[in-house]
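*Asks:* Got a predicted structure plus its sequence, pasted below:
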Amino acid sequence: MIFMSQSGLLDPSREADWDLWYVDHLDLMRSVPGFHSAQRFKTKSPGYSPSTAMYTLESADVFNDPYYLSKRGMGEWKPLIDTRWYKRNLFDGLDVAPHVADDQVLLMADRAAPDAALPGMTWLRAVAIDKSTPYRGIKVVSAGEVAQWTAVQDAAVYRPFSFQVRN
C-alpha cells in the first residue's frame, strides 16, 4: 500500500527549518513496524500541496499500532501547517512506492476516475484516511521528459527532496 502525506507551511520563511525536521521525521516513520520506505517531494505546481511524503506500508493496520500512534504527527510544526494543503491518503494499486532519483520527477494527477488521457500513469485508489481524491495517478519520468507533461492540465511535477529510505 502507498501512504501519502501532503502539507505546506503558513510561514515560508521557516521552510529551511522544516526541511531539517522532515529528514528526521522520515527516519522516525521508517522505524515504525510496517513502514518499508519513505521519500519526500516538493512542487511549485499550482493547486497541489507544496510538500508530499510517500511511504510504502505493509497494510492499513500500521495506523493502529501503538508505536505509530505515539510517533505520528507534525509535532511542533502543527500550528504552522497550512490546512488547505494538509491531506493524508492511503492508496491501493501498488505494493511498493517507486524510487525517484535526483534526475527524475514524480508526476501526480488527482482525478475522480483513472484518466486514459494520461498514458503510463499508475492509478492509485484512495481507500482510507482523508480520501481527498478518489484516484491519484503517479508516474516517474526523467527531468528531460517533464516538458511533454507540463502541457497536461492539472498534473503536478514533484521533485525529490530526499532519497528514498528503505527498511
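*Replies:* Here it is on my side, so go on. Numbering: from 1, shown residues only.

*Asks:* any chance you could map the strands in the chain?
*Replies:* For the chain, strands defined by DSSP state E occupy the ranges 2-7, 35-42, 51-57, 87-92, 104-111, 122-129, 135-142, 156-160, 165-166.

*Asks:* residues of stretch 102-113 that come out buried?
*Replies:* Gln104, Val105, Leu106, Leu107, Met108, Ala109, Asp110, Arg111 (16 or more other CB atoms under 10 Å). (Each C-beta comes from the backbone N, C-alpha and C, glycine too.)

*Asks:* Would you mind confirming that Arg126 is in contact with Lys87?
*Replies:* No Arg there; residue 126 is Ala. No. Using CB atoms under 8 Å, Ala126 makes no contact with Lys87, being 9.9 Å away.

*Asks:* so what sits against both of those two?
*Replies:* Ser132 (CB atoms under 8 Å, 6 or more residues apart in numbering).

*Asks:* Tabulate the strands of the chain (a markdown table), appending distance to Trp149 and mean pLDDT.
*Replies:* Below are the strands of the chain laid out as a markdown table (distance: least, CB to CB, whole Å; pLDDT from 0 to 100):
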| stretch | distance to Trp149 | mean pLDDT |
| --- | --- | --- |
| strand 2-7 | 19 | 97 |
| strand 35-42 | 15 | 95 |
| strand 51-57 | 17 | 96 |
| strand 87-92 | 20 | 97 |
| strand 104-111 | 6 | 95 |
| strand 122-129 | 14 | 97 |
| strand 135-142 | 7 | 96 |
| strand 156-160 | 7 | 94 |
| strand 165-166 | 26 | 66 |
